[in-house]
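> Below is the structure, and that's it, no one-letter string:
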């Protein structure tokens, strides 16, 4: 056996093997695409088997058998074009040219009884080569639109088609060349035929291991994109990102429906407008897959679900790939991919849809765990805040209430035992002072509630911040601390005067509270770049560095504050921050423990009148 004979035998064996494998595929899943693939390789295999039987067994080749084999070979380019038409739009004129070429080639062969004149043979060879080249280009374009395993398999099919076209071209040239050059195209033809057979084998019947290796890069890319998805703001954002990622990986359009156990429906946010926003128990294909929990491929979506046929046609949907999204025994939803043509390699695409659905389940489960952890944390935080509030309120309300009750009881006993005694003016003043303190605490609690509802800041009007700060400084409740207001000129903006006054008052009172006797509290007010700046500086106990990030939180008090010495519920700075931010400003603090603090407030001057 010569080298050329060995190459020829190997080539023929590969083509027959491909036919056996794709023929088994037709038995397993009967679709037009699988049938067209089997017809194409069947035509090649019949010619190979017939030739081998005649050569090996020395049988006499009948005229009818010869004609049938020849016609099958002539039909190969047209059968290949049918396969192209299964997944790509072949223009009508190309179909008509192919049909005309097939008819004329068959007529020429029959009319000449197998002895085709060289000019006609050359025309047939050119027709074969041109049609094969067109099919190869169509496969390349389809590969560019596809993704993952399908892209690589289509690339192999395109290469096999181009090589087969060249092999046919050189085989057709052989009879037209001088006898001295006849061996050259024969050897080249055999080499091209073997290469095309290998490329077709890789494309149409690629081993499972190879397909898995091809899938891996696409899955890795999807997983890289998906790694951050559970941390997205909400579940709809995650679903949109999953749909985009699945569509990109599949080279198709994708939609995800999440199961709502309360309504027993699948809720879609389909960006392509094919599916309704809500699907209940029905004949919808997505619902069928969700119920059965088995991934399905529907080659003809309109036939599988006639009720949506018009919607499928309107949106260019021909085939569907649907997989359930589930984690353990929990059904989460369904992933549906739309294709405008039947996938050539539906099993690979369906496997990929299954993998993507499994990854979507992992991501959605992760998000659910994050949400549950957030709910638990929020519940715990709410419980902690409630306990803090009760503790702080009970402690701070108890002090003035105790003084009020004790002073009132004293006055009551005195009135009973000494009805003619003069009024106890210091005692009455103490009652008034503690009553005002109690009222201030209650108002602070009410303000915190209004702040939560966004209703704390009222009508705005022109306010001179310098004059407002001087009014606060003139009050006589600072127990000997000096309050100094420093400003070069009036600073006027449009604010709620009561609330901005409350901010300045709270900051000054805090500075006084935590400062030693005889110290100075300085209030600097300035205007720069369309903003008002208020800085309140004290010489007090300062704030530990670890407390600075939480100092403006509700009920938070610095760790160096002695509750028995410094009364308060930890709402003052919380209210200051809310008032400033509702005015469009910002507030922060600079402090060192033991050396004092400076609170900075910046307010916009826009709208000042």
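Sure, I can see it. What you see is a predicted model, and the numbers here were worked out from it, not measured in a lab.

> ok, now which ones touch residue 155?
By CB atoms under 8 Å, 6 or more residues apart in numbering, the contact list for residue 155 reads 139, 140, 143, 203. From N, CA and C alone the C-beta is placed, and that goes for glycine too.

> how much space between the first one and residue 27?
This points to residue 139. With distances taken as CB to CB, to the nearest Å, residue 139 is found 25 Å from residue 27.

> and what of residue 241?
40 Å.

> Would you mind telling me which of those two has more residues around it?
Each of residue 241 and residue 27 has its neighbours counted (other CB atoms under 10 Å); residue 241 has more, 16 against 9.

> doesn't that one fall inside a helix?
Yes. Counting by DSSP: H, G, I helix; E, B strand; the rest coil, residue 241 is located in a helix.

> Quick check: closest non-adjacent residue to it.
residue 229 (5.4 Å; CB to CB, 6 or more residues apart in numbering).

> middle-most residue in this protein, spatially?
Central residue of the chain (CA atoms, centre = their mean): residue 241, 1.8 Å from the mean position.

> Least confident secondary structure element in the protein?
When the helices and strands of the chain are scored by mean pLDDT, DSSP states H and E, helix 425-452 comes last with a mean of 68.

> hmm, who's touching the helix or strand just after that helix?
For helix 425-452, the succeeding helix or strand toward the C-terminus, using DSSP states H and E, is strand 461-464. If you take CB under 8 Å, 6+ apart as the criterion, strand 461-464 is touched by 490, 491, 492, 493, 494, 495, 496, 497, 500, 608, 609.

> and strand 461-464, how far out from the chain's middle?
48 Å (CA atoms, centre = their mean, to the nearest Å).

> Name the residues of it that are buried.
463, 464 (16 or more other CB atoms under 10 Å).

> Quick check: what element follows that strand along the chain?
Next element after strand 461-464 (DSSP H and E): helix 465-473.

> How far does that next one sit from its chain's centre?
On CA atoms, centre = their mean, the centre of helix 465-473 falls 53 Å from that of its chain.

> Quick check: mean pLDDT of the following helix or strand past that helix?
Using DSSP H and E, the next helix or strand after helix 465-473 towards the C-terminus is strand 482-486. For strand 482-486, mean pLDDT is 90.

> so what does strand 482-486 touch, helix or strand wise?
With contacts taken as 3 or more CB pairs under 8 Å, 6 or more residues apart in numbering; DSSP states H and E, strand 482-486 sits against helix 465-473, strand 520-528.

> Need the winner for burial among those.
helix 465-473 (a mean of 20; mean count of other CB atoms under 10 Å).

> And the contacts of that one?
Contacts for helix 465-473 (CB under 8 Å, 6+ apart): 483-485, 487, 489-493, 497, 500-501, 504-505, 508, 523, 525, 532, 534, 603.

> quick one, helices of the stretch 201-350 of the chain?
208-226, 235-250, 285-292, 301-304, 309-314, 346-417 (DSSP state H, counting those that start in this stretch).

> Could you list the low-confidence segments of the stretch 251-400 of the chain?
Across the stretch 251-400 of the chain, residues meeting the criterion (pLDDT under 70) sit at 342-346, 378, 382-383, 385-400.

> could you redo the last one with a cut-off of 80?
Scanning the stretch 251-400 of the chain for pLDDT under 80 picks out 251-252, 328-329, 340-349, 352, 366-400.

> same deal with the stretch 101-250 of the chain?
Ranges of the stretch 101-250 of the chain meeting pLDDT under 80: 105-126, 128-129, 145-151, 165, 168-187, 208-234, 245-250.

> Ok, the stretch 451-600 of the chain next?
Residues of the stretch 451-600 of the chain that meet the cut-off, pLDDT under 80, sit at 451-458, 475-481, 554-571.

> Mind splitting the protein into its structural domains?
3-206, 215-374, 401-452, 461-604 (automatic domain parsing).

> picking that back up, could you dump the helices of the stretch 201-350 of the chain into JSON lines with distance to residue 90 added?
Output for these, formatted as JSON lines (distance: least, CB to CB, whole Å):
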{"stretch": "helix 208-226", "distance to residue 90": "27"}
{"stretch": "helix 235-250", "distance to residue 90": "23"}
{"stretch": "helix 285-292", "distance to residue 90": "28"}
{"stretch": "helix 301-304", "distance to residue 90": "20"}
{"stretch": "helix 309-314", "distance to residue 90": "19"}
{"stretch": "helix 346-417", "distance to residue 90": "20"}
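
> Out of the ones you listed, which gets nearest to residue 330?
Proximity to residue 330 (CB to CB) singles out helix 346-417 among these, at 8.0 Å.

> Which elements pack onto that closest one?
helix 148-173, helix 208-226, helix 235-250, strand 296-298, strand 319-327, strand 330-339, helix 425-452.

> Quick check: phi and psi at the residue located most distally from the centre of the chain.
Ranking residues of the chain by C-alpha distance from their mean position (CA atoms, centre = their mean) puts residue 420 at the top, at 83.2 Å. Main-chain dihedrals, residue 420, degrees, to the nearest 10: phi -100, psi 0.

> Residue 16 is in contact with residue 45, correct?
Yes. Contact criterion CB atoms under 8 Å: residue 45 and residue 16 qualify, at 4.9 Å.

> Which one of those two is surrounded by more residues?
Remark: of residue 45 and residue 16, residue 45 carries more neighbours, 21 against 18, as counted by other CB under 10 Å.

> before we move on, back to that, can you put the helices and strands packed on strand 482-486 in a markdown table and add distance to residue 224?
Converted to a markdown table, these look like this (distance: least, CB to CB, whole Å):
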| stretch | distance to residue 224 |
| --- | --- |
| helix 465-473 | 53 |
| strand 520-528 | 47 |
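
> closest one to residue 20 among these?
If we rank the helices and strands packed on strand 482-486 by CB to CB, the stretch that ends up nearest is strand 520-528, at 84.8 Å.

> which other residues reach the closest one?
Against strand 520-528 from outside (CB under 8 Å, 6+ apart): 465-466, 469, 472-473, 478, 481-489, 491, 504, 508, 511-512, 515, 532-539, 605.

> Could you tell me which strands sit next to it in the sheet, and their orientation?
Taking DSSP bridges as the criterion, strand 520-528 sits next to strand 482-486 (parallel), strand 531-537 (antiparallel) in its sheet.

> thinking in terms of the whole chain, how far from its middle is stretch 156-174?
That offset, for stretch 156-174, works out to 44 Å (CA atoms, centre = their mean).

> Start the count at 380 instead of 1 going forward.
Let's use 380 as the start, then, which means that last one is stretch 535-553.

> Not counting it itself, show me its contacts.
Residues contacting stretch 535-553 (CB under 8 Å, 6+ apart): 456, 459, 500-501, 503-505, 507-508, 510-512, 514-516, 518-519, 522, 561, 564-565, 567-568, 571-572, 574-579, 581-583, 585, 723.

> Write a ChimeraX command that selects only the buried members of those.
For the buried members of the contacts of stretch 535-553, the matching ChimeraX selection, counting by 16+ other CB under 10 Å, is:
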select :456,459,500,503,504,507,508,510,511,512,514,515,518,519,522,564,565,567,568,571,572,574,575,576,577,578,579,581,582,583,585,723
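
> from the contacts of stretch 535-553, which ones fall inside helices?
456, 459, 500-501, 503-505, 507-508, 510-512, 514-516, 518-519, 522, 564-565, 567-568, 571-572, 574-579, 581-583 (DSSP state H).

> and the gap between residue 980 and residue 913?
4 Å.

> One more: residue 574?
For residue 574, the distance to residue 913 - CB to CB - is 82 Å.

> try residue 393
For residue 393, the distance to residue 913 - CB to CB - is 85 Å.

> Could you do residue 876 as well?
14 Å.

> between those two, who's got more neighbours?
residue 913 (26 against 16).

> show me what contacts that one?
844, 848, 882, 883, 886, 902, 903, 904, 979, 980, 981, 982.

> hmm, try it at 7 Å
Contact partners of residue 913, counting by CB atoms under 7 Å, 6 or more residues apart in numbering, are 844, 883, 902, 904, 980.
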